[in-house]
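In: What follows is a protein structure lacking sequence information:
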(Lines give C-alpha, C1' and ligand atoms only; values in the text may rest on other atoms or scores of the structure.)
Protein backbone atom coordinates (compact mmCIF):
# COMPACT_ATOMS: atom_id res chain seq x y z
CA UNK A 1 0.00 0.00 0.00
CA UNK A 2 2.81 2.43 0.92
CA UNK A 3 4.58 1.75 -2.39
CA UNK A 4 1.44 2.52 -4.37
CA UNK A 5 0.90 5.79 -2.56
CA UNK A 6 4.56 6.73 -3.00
CA UNK A 7 4.43 5.83 -6.71
CA UNK A 8 1.24 7.84 -7.16
CA UNK A 9 2.76 10.89 -5.44
CA UNK A 10 5.91 10.54 -7.53
CA UNK A 11 3.81 10.47 -10.72
CA UNK A 12 1.94 13.59 -9.65
CA UNK A 13 5.25 15.34 -8.93
CA UNK A 14 6.76 14.28 -12.29
CA UNK A 15 3.72 15.32 -14.34
CA UNK A 16 3.49 18.56 -12.38
CA UNK A 17 7.11 19.37 -13.10
CA UNK A 18 6.70 18.51 -16.78
CA UNK A 19 3.68 20.83 -17.02
CA UNK A 20 5.57 23.56 -15.17
CA UNK A 21 8.63 23.29 -17.43
CA UNK A 22 6.90 22.85 -20.79
CA UNK A 23 3.91 25.17 -20.46
CA UNK A 24 5.66 28.33 -19.29
CA UNK A 25 3.50 31.47 -19.19
CA UNK A 26 3.57 33.64 -22.30
CA UNK A 27 3.68 37.36 -23.08
CA UNK A 28 0.34 39.16 -22.84
CA UNK A 29 -1.43 40.90 -25.67
CA UNK A 30 -2.28 44.56 -25.99
CA UNK A 31 -4.87 44.80 -23.22
CA UNK A 32 -4.82 48.15 -21.45
CA UNK A 33 -4.53 48.26 -17.66
CA UNK A 34 -4.51 50.94 -14.96
CA UNK A 35 -0.92 50.12 -14.03
CA UNK A 36 2.02 47.87 -14.75
CA UNK A 37 4.20 46.21 -12.12
CA UNK A 38 7.62 44.82 -12.98
CA UNK A 39 9.67 42.69 -10.61
CA UNK A 40 13.41 43.24 -10.82
CA UNK A 41 15.86 40.39 -10.96
CA UNK A 42 16.46 39.33 -14.52
CA UNK A 43 17.12 40.48 -18.06
CA UNK A 44 14.27 41.69 -20.21
CA UNK A 45 11.84 42.50 -17.42
CA UNK A 46 12.34 46.26 -17.13
CA UNK A 47 12.65 46.83 -20.90
CA UNK A 48 9.34 44.94 -21.38
CA UNK A 49 7.58 47.05 -18.72
CA UNK A 50 8.94 50.27 -20.23
CA UNK A 51 7.68 49.13 -23.65
CA UNK A 52 4.21 48.65 -22.15
CA UNK A 53 4.36 52.17 -20.73
CA UNK A 54 5.62 53.68 -24.00
CA UNK A 55 2.90 51.87 -25.97
CA UNK A 56 0.37 53.45 -23.58
CA UNK A 57 -0.97 50.09 -22.48
CA UNK A 58 -0.72 51.41 -18.91
CA UNK A 59 -0.25 54.97 -17.60
CA UNK A 60 1.85 54.15 -14.51
CA UNK A 61 4.71 51.78 -13.71
CA UNK A 62 6.07 50.44 -10.45
CA UNK A 63 9.52 48.87 -10.59
CA UNK A 64 9.44 46.68 -7.49
CA UNK A 65 12.59 45.45 -5.77
CA UNK A 66 15.01 48.17 -6.83
CA UNK A 67 18.37 48.09 -5.04
CA UNK A 68 18.44 50.96 -2.50
CA UNK A 69 21.70 52.20 -4.00
CA UNK A 70 20.12 52.79 -7.44
CA UNK A 71 19.20 56.44 -7.89
CA UNK A 72 16.42 57.55 -10.25
CA UNK A 73 18.99 59.28 -12.47
CA UNK A 74 20.98 56.04 -12.77
CA UNK A 75 17.81 54.18 -13.69
CA UNK A 76 16.99 56.81 -16.33
CA UNK A 77 20.44 56.49 -17.89
CA UNK A 78 20.52 52.70 -17.77
CA UNK A 79 17.15 52.33 -19.52
CA UNK A 80 17.12 55.52 -21.62
CA UNK A 81 14.08 56.96 -19.83
CA UNK A 82 13.29 60.64 -20.46
CA UNK A 83 13.01 62.80 -17.33
CA UNK A 84 9.38 63.73 -18.02
CA UNK A 85 8.37 60.05 -18.30
CA UNK A 86 10.26 59.29 -15.10
CA UNK A 87 8.54 62.13 -13.23
CA UNK A 88 5.01 61.44 -14.36
CA UNK A 89 4.78 57.75 -14.68
CA UNK A 90 7.50 55.65 -13.01
CA UNK A 91 7.88 54.77 -9.35
CA UNK A 92 10.97 52.97 -8.12
CA UNK A 93 10.06 50.63 -5.26
CA UNK A 94 12.86 50.09 -2.79
CA UNK A 95 11.07 48.07 -0.10
CA UNK A 96 10.96 44.61 -1.67
CA UNK A 97 13.73 42.03 -1.42
CA UNK A 98 11.94 38.83 -2.51
CA UNK A 99 8.80 37.74 -4.36
CA UNK A 100 6.58 37.92 -1.27
CA UNK A 101 7.67 41.47 -0.42
CA UNK A 102 7.32 42.43 -4.12
CA UNK A 103 3.66 41.45 -3.86
CA UNK A 104 3.12 43.48 -0.69
CA UNK A 105 4.91 46.53 -2.11
CA UNK A 106 2.97 46.29 -5.38
CA UNK A 107 -0.43 45.79 -3.74
CA UNK A 108 0.09 48.80 -1.46
CA UNK A 109 1.14 50.93 -4.44
CA UNK A 110 -1.92 49.81 -6.42
CA UNK A 111 -4.28 50.54 -3.49
CA UNK A 112 -2.98 54.10 -3.22
CA UNK A 113 -3.68 54.61 -6.92
CA UNK A 114 -7.04 52.82 -6.81
CA UNK A 115 -6.02 50.67 -9.75
CA UNK A 116 -8.57 48.03 -10.73
CA UNK A 117 -6.48 46.36 -13.44
CA UNK A 118 -2.78 45.57 -13.40
CA UNK A 119 -0.27 44.01 -15.74
CA UNK A 120 2.41 41.93 -14.00
CA UNK A 121 5.72 41.66 -15.82
CA UNK A 122 8.32 39.10 -14.81
CA UNK A 123 10.23 36.28 -16.47
CA UNK A 124 8.24 33.23 -17.63
CA UNK A 125 9.63 30.73 -15.11
CA UNK A 126 8.91 33.13 -12.22
CA UNK A 127 5.41 34.20 -13.31
CA UNK A 128 3.32 31.53 -11.60
CA UNK A 129 4.74 32.17 -8.14
CA UNK A 130 4.82 35.96 -8.61
CA UNK A 131 1.19 35.98 -9.78
CA UNK A 132 0.19 33.73 -6.88
CA UNK A 133 1.84 36.06 -4.35
CA UNK A 134 0.45 39.24 -5.91
CA UNK A 135 -3.00 37.68 -6.28
CA UNK A 136 -3.08 37.00 -2.54
CA UNK A 137 -2.33 40.66 -1.76
CA UNK A 138 -4.46 42.46 -4.33
CA UNK A 139 -7.68 44.16 -3.30
CA UNK A 140 -10.78 42.10 -4.11
CA UNK A 141 -11.95 42.56 -7.68
CA UNK A 142 -8.58 43.66 -9.07
CA UNK A 143 -7.87 42.05 -12.44
CA UNK A 144 -4.31 40.90 -13.11
CA UNK A 145 -2.88 40.27 -16.57
CA UNK A 146 0.25 38.11 -16.63
CA UNK A 147 2.85 39.37 -19.11
CA UNK A 148 5.73 36.90 -19.09
CA UNK A 149 9.12 37.73 -20.56
CA UNK A 150 10.35 34.71 -22.49
CA UNK A 151 13.60 33.13 -21.40
CA UNK A 152 15.67 30.00 -21.79
CA UNK A 153 15.78 28.75 -18.19
CA UNK A 154 18.12 25.99 -17.19
CA UNK A 155 16.78 22.76 -15.75
CA UNK A 156 18.24 23.85 -12.40
CA UNK A 157 16.25 27.12 -12.41
CA UNK A 158 13.05 25.30 -13.38
CA UNK A 159 13.61 22.64 -10.70
CA UNK A 160 14.23 25.24 -8.00
CA UNK A 161 11.32 27.47 -9.01
CA UNK A 162 8.92 24.52 -9.23
CA UNK A 163 9.77 23.56 -5.66
CA UNK A 164 9.43 27.15 -4.44
CA UNK A 165 5.96 27.23 -5.98
CA UNK A 166 5.00 23.90 -4.40
CA UNK A 167 6.28 25.09 -1.03
CA UNK A 168 4.29 28.31 -1.33
CA UNK A 169 1.11 26.39 -2.21
CA UNK A 170 1.71 24.05 0.76
CA UNK A 171 2.24 26.95 3.17
CA UNK A 172 -0.87 28.70 1.91
CA UNK A 173 -2.95 25.53 2.19
CA UNK A 174 -1.63 24.87 5.70
CA UNK A 175 -2.48 28.44 6.79
CA UNK A 176 -6.02 28.17 5.41
CA UNK A 177 -6.57 24.79 7.10
CA UNK A 178 -5.36 26.12 10.45
CA UNK A 179 -7.75 29.05 10.06
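Out: Ah, there it is. Quick caveat: nothing in here was measured; it's all calculated off a predicted structure. Numbering: from 1, shown residues only.
In: Distance of residue 23 relative to residue 128?
Out: Distance from residue 23 to residue 128, counting by Cβ to Cβ, to the nearest Å: 10 Å. Using the backbone N, CA and C atoms, a C-beta is placed for each residue, glycine as well.
In: higher neighbour count, these two?
Out: Neighbours were counted for residue 23 and for residue 128 using other Cβ atoms under 10 Å; residue 128 has more, 22 against 10.
In: Now do the helix or strand hosting that one: everything it contacts.
Out: Element membership for residue 128 (DSSP states H and E) is helix 124-137. For helix 124-137, the external contacting residues (Cβ atoms under 8 Å, 6 or more residues apart in numbering) are 20, 24-26, 37, 39, 41-42, 99-100, 102-104, 106-107, 118, 120, 122, 144, 146, 148-151, 153, 157-158, 161, 164-165, 168-169, 172.
In: which secondary structure element contains residue 92?
Out: Using DSSP H and E, residue 92 sits in strand 90-93.
In: Now the residue minimising distance to the centre of the chain: closest residue in space, sequence neighbours ignored.
Out: Nearest residue to the geometric centre of the chain (Cα atoms, centre = their mean): residue 130, 3.7 Å. Using Cβ to Cβ, 6 or more residues apart in numbering and skipping residues adjacent in sequence, the residue nearest residue 130 is residue 122, 4.7 Å away.
In: pretty sure residue 150 is touching residue 27, no?
Out: Yes - Residue 150 lies in contact with residue 27 (Cβ atoms under 8 Å); the separation is 6.7 Å.
In: which SS class is residue 148?
Out: What DSSP: H, G, I helix; E, B strand; the rest coil gives for residue 148 is strand.
In: hey, where'd the helices end up in this structure?
Out: Ranges of helices within the chain are 2-22, 45-54, 72-79, 83-89, 99-113, 124-137, 155-178, based on DSSP state H.
In: how about those helices, which one is nearest residue 64?
Out: Nearest of the helices of the chain to residue 64, taken as Cβ to Cβ: helix 99-113 at 4.5 Å.
In: helices and strands around that closest one, which ones?
Out: strand 35-39, strand 61-64, strand 90-93, strand 117-123, helix 124-137 (3 or more Cβ pairs under 8 Å, 6 or more residues apart in numbering; DSSP states H and E).
In: Which ChimeraX command selects the buried ones in the contacts of helix 124-137?
Out: Buried subset of those, written as a ChimeraX selection, criterion 16 or more other Cβ atoms under 10 Å:
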select :20,24,25,37,39,41,99,100,102,103,104,106,107,118,120,122,144,146,148,149,151,153,157,158,161,165,168
